[in-house]
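>>> What would the 3D arrangement of this be:
(3 chains)
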Amino acid sequence: MPSKKQPQLPKTGKAKEYSFFQDVYDVVRQIPKGRVTSYGAIAAYLGTKLSARMVGWAMNGAHKVKPKVPAQRVVNRNGMLSGKAHFETPTHMEELLKKDGVAVKNDTVVDFEKRFWDPAVELG
DNA sequence: GCATTGACGAAGG
DNA sequence: CCCTTCGCCAATG
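Have a look, this model is predicted:
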């Protein structure tokens, strides 16, 4: 499980994965099926709420990590599928969400607030 | 080694 | 209410 806080980010070339990245992946993998969360929520849970962009950047490598990361369950604060363009196909993300039972309308999660899953609350 | 760029988000105009 | 700016920090040019 995430250390909750991992300010120490090793330099490039040493570790294949940064702790921060691993924590992000770990949290994302714990998102229940049919639920979604936001980059900011994950960042806040990790203690770096001011660095939501880093979560997004971490997700950039999510597609290559071994245990697949359900990156489709992570959207921006507006519930919009801001990262759909980064998937294999522009429609892959919403298709995965639909398989999870999450309705997607106009690149946005329907009833986002109801589907919202806050790691800071659910994970403690 | 400085400048630019983000799968973000909050604040200001 | 829409648009712009700023902050955050790693990666890339």
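>>> need the longest helix for chain A.
helix A:19-29 (DSSP state H).
>>> That one near DNA strand B anywhere?
No - Helix A:19-29 lies out of reach of DNA strand B by CB under 7 Å from any atom of the strand, never closer than 9.3 Å. Where you see a C-beta, it was placed from the backbone N, CA and C, and this is true even at glycine.
>>> now swap in stretch A:44-60 and tell me
Yes - Stretch A:44-60 reaches DNA strand B (CB under 7 Å from any atom of the strand) through A:52-57, A:59-60.
>>> What backbone torsions are found at the residue nearest the centre of chain A?
Nearest to the geometric centre of chain A sits A:V74, at 3.8 Å (CA atoms, centre = their mean). Backbone torsions of A:V74, given as degrees, to the nearest 10, read phi -110, psi 120.
>>> Spit out the contact partners of it.
When contacts are counted by CB atoms under 8 Å, 6 or more residues apart in numbering, A:V74 touches A:28, A:31, A:36-39, A:42, A:55, A:59, A:83.
>>> Next, format those as JSON lines and append secondary structure.
JSON lines is the format used below for the contacts of A:V74 (DSSP: H, G, I helix; E, B strand; the rest coil):
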{"residue": "A:V28", "secondary structure": "helix"}
{"residue": "A:I31", "secondary structure": "coil"}
{"residue": "A:V36", "secondary structure": "strand"}
{"residue": "A:T37", "secondary structure": "strand"}
{"residue": "A:S38", "secondary structure": "strand"}
{"residue": "A:Y39", "secondary structure": "helix"}
{"residue": "A:I42", "secondary structure": "helix"}
{"residue": "A:V55", "secondary structure": "helix"}
{"residue": "A:M59", "secondary structure": "helix"}
{"residue": "A:G83", "secondary structure": "coil"}
